[in-house]
Structures are given as C-alpha cells and as structure tokens.
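[1] My questions concern the predicted model and sequence given below.
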Protein chains: 2
Amino acid sequence: MKLLEERIRRDGNVKPGNVLKVDSFLNHQMDVELYNEMGKEFRRLFPSEKINKILTIEASGIGIACIAAQYFHVPVVFAKKSQSINLDGEQYSTRIESFTHKRVYDVIVSKKYLQKGDRVLIIDDFLANGCAVAGLIDLIESAGAEIEGVGIAVEKGFQEGGRLLRGKGIRVESLAIVESMDDKTGEIVFRESCE
Amino acid sequence: MKLLEERIRRDGNVKPGNVLKVDSFLNHQMDVELYNEMGKEFRRLFPSEKINKILTIEASGIGIACIAAQYFHVPVVFAKKSQSINLDGEQYSTRIESFTHKRVYDVIVSKKYLQKGDRVLIIDDFLANGCAVAGLIDLIESAGAEIEGVGIAVEKGFQEGGRLLRGKGIRVESLAIVESMDDKTGEIVFRESCE
C-alpha cells in the first residue's frame, strides 16, 4: 500500500537493533484517517463475506482493528495480556513472547467470544517473528474456529514470521513489507507489491 | 444515551463486588457500530473546534477513542502501561491504581505527542474511582497542555470519580451513569439524563 509506505518513509525512524519506530502515526499516536485507508485496503484484500469476527491483541492492534471492522460490519475481539479478574474464568489462553518488550505474556480470550463456526480475520500492527499471530492462531484453533487470514500493517520481511505463516498455508496480507532497513542511513527498502 | 443504557441493561452483567461486566460489546468483544453512535454523541457533547487531540489509555479505551476521533478529525494518543523499550525515553509518566486489576501501573506518554498548546479530550470506557482519568490529567498537566473535557462510556455514579473530577471544574460527560446496581437481582438503575 503506497500510502502507508510513503508515510513510513516520511515519519518512520530506523533505530539500532532492527527497531522501526512508527509511533507518530501507528502505535502510540494514531492517525485515524490513515487507519481508514488501511481498513478499506484490508476489506479489498479480504473480500470474503464469511468473515464474522476480527481478532486482535492489545494494545496497538485495537485501533486498527476497530477502524477496519467498520468495512467488514463485524465485531472485534481483542486478546488480553495477563488475567483480569473481570473475566469469567472461562477462557482460552496461550503464551506469547514479545520481541519488543523482551518478555513472555499470558494471553487470553473469553470462550464466549471465540467459538466453533467463527471465521476469523486476524489484524495486527506488526509482524516480525510472528509470535503474536501464532498465539492468536493458537487461540482460534483452541476454539475450533477457522482462520480466514491475517492482515498486518507493517511486516518486517527480513524476520521469519511472514514466511512461517505463509508456509503453513495461511493467507497473510501486509500493507507494507520492509525488506531491509539501515539505522545509519535511515534507508528503508520495501518489498515490491503488485498494486 | 438511551442506546447505551439499553444495551447495558440487555447485555451487561452485574457481579458481586460492584463489577459491571460489559465485555460482550464494550471492552473485550467490541461492537463497532455502537462505538460509532457513541462517537457521534461525544462530538455532540464536545463540539469545540479547539480540541486537537484525544487521549486515552490502553487497552479498552483505544477502540472507543479511535472510532470517536473520526468525528473530531484529530489523532488519538494512548497512554501506555509500563515502559516499552521502543519509546525514546523522552516521556511523561504517572502512576495509576487499577480498581479492576488491583495493582499499580506506571503509565507513560511520549513528550512528542502531548505538548503545550494541545487541547485534549480524554476518552475512556469506564469511570469509577477516577484513578485512570486522574493519571491522564496528570500527564496533560505535565505537558502544559489543556484539558477540554472527559468523555466516558460508563460511569459508576456510586463511586467517587465523577464527583471528584466535576468538583475540580472539569467537564465530564458520561454516556451512561449507573446510579446503583444489584448483583442478586441484576437490576441496574441509571441516573436520569436530560436527553
């Protein structure tokens, strides 16, 4: 998606350790008009009328998922990190290792909101090593629901998450795929798309 | 807001310990069409053209804030619980005690996204003892920005948060104010509004 690539080039910052900071528009301050264009693109990429639920994970996936959901006319469920006493105890859980935060989270979703028969589109802001998405897939499979696909804003194409997921036959659509980036020059190279 | 009150009556669950579970449509599974009606109502209640930013806190405030932001045409910033290594170190921080999770969080916002001159509308899903909103106000004041108001989905009117904030002269608009609730009968009484 050219619009997102241009925005990443303009406002993204490459930091040492393969960190791409896009917090001015994507995951701390959020540009909701950009999110709307992304939401429309996700709908174009995943036109299936069978999708009846969008699943994301707190926190930075929630905004993108909610705006996108307007184009799918389905509810969003967000998986929660760590147990909340406000949940019923009736939940699916998995463990996710965070690349960004260098820690392991327990992640849960209520059994009421993810069920057999659901056709689920996963949406998240980043795909790097794929641990978060793998955890969400684990939750979907625990529920006996089906995965319609994975929609990602920014994929780090030089990390293995995308390749692993696609290798399992899962449809992954990333709006921008960073092929390489250089924290010394700030250069960001995107994988060419067929847009 | 009658639509939200009716939804809380229909789908909310009163649990012992003054817990109101609305996780089927508000803060775990999210009804984005309801969020849109709430967003329009927030805009009606806060018509000021001076508002240039919406501030919320992860996680369950983010979806409501993003959908509402579409009616304000401003970006959303969400305060983050605990430090992320992806932030620059240049941040305002405060501590917030969570009623729901019975713990204390460090909450941060980057100095880049909250600045002197900003006129900020706070949006969150719940107002109970007011600790989360007080923390967000602390962040806004640290930045030298101004508070235009506080928009809340569900206020627990029998807890002190709303009274304390309004007592400081802050404009608080809650779309539904629960005056009392009974976990034995499930009855929920709302404060009468002037709608």
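    Cool, got the structure.
[2] residues in contact with the residue sitting nearest the centre point of chain A?
    Central residue of chain A (C-alpha atoms, centre = their mean): residue A:124, 1.5 Å from the mean position. Neighbour list for residue A:124: A:56, A:57, A:61, A:64, A:65, A:132, A:133, A:136, A:150, A:151, A:152, A:153 [criterion: C-beta atoms under 8 Å, 6 or more residues apart in numbering or on different chains]. C-beta: built from backbone N, CA, C; applies to glycine.
[3] quick one, what contacts the third one?
    For residue A:61, the contacting residues are A:78, A:123, A:124, A:125, by C-beta under 8 Å, 6+ apart.
[4] could the contacts of residue A:124 go into CSV alongside secondary structure?
    CSV is the format used below for these (DSSP: H, G, I helix; E, B strand; the rest coil):
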residue, secondary structure
A:56, strand
A:57, strand
A:61, helix
A:64, helix
A:65, helix
A:132, helix
A:133, helix
A:136, helix
A:150, strand
A:151, strand
A:152, strand
A:153, strand
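[5] and which of those residues is nearest to residue A:185?
    residue A:153 (23.5 Å; C-beta to C-beta).
[6] how many neighbours does the nearest residue to the closest one once chain neighbours are set aside have?
    For residue A:153, ignoring the flanking residues on the chain, the nearest one in space by C-beta to C-beta, 6 or more residues apart in numbering or on different chains is residue A:125 at 4.8 Å. Close neighbours of residue A:125, defined as other C-beta atoms under 10 Å in any protein chain shown, add up to 22.
[7] Helix, strand, or coil at residue A:125?
    strand.
[8] is it true that it touches residue A:23?
    No - between residue A:125 and residue A:23 there is no contact under C-beta atoms under 8 Å: 10.4 Å.
[9] If you count neighbours, what's buried in stretch A:160-180?
    A:161, A:162, A:165, A:170, A:172, A:173, A:174, A:175, A:176, A:177, A:178 (16 or more other C-beta atoms under 10 Å in any protein chain shown).
[10] Run the chain-centre distance for it.
    Chain-centre distance of stretch A:160-180: 11 Å, with C-alpha atoms, centre = their mean, to the nearest Å.
[11] For chain A, list the residues in contact with chain B, please.
    A:19, A:21, A:23-25, A:28-33, A:35-36, A:58-59, A:62-63, A:65-67, A:69-70, A:73, A:75-78, A:80, A:84-88, A:100-102, A:109-110, A:112-113 (C-beta under 8 Å from any C-beta of the partner chain).
[12] Just the ones of these in helices?
    Residues of the residues of chain A next to chain B located in helices (DSSP state H): A:32, A:33, A:35, A:36, A:62, A:63, A:65, A:66, A:67, A:69, A:70.
[13] What is the neighbour count of the third one?
    This means residue A:35. For residue A:35, using other C-beta under 10 Å, the count is 24.
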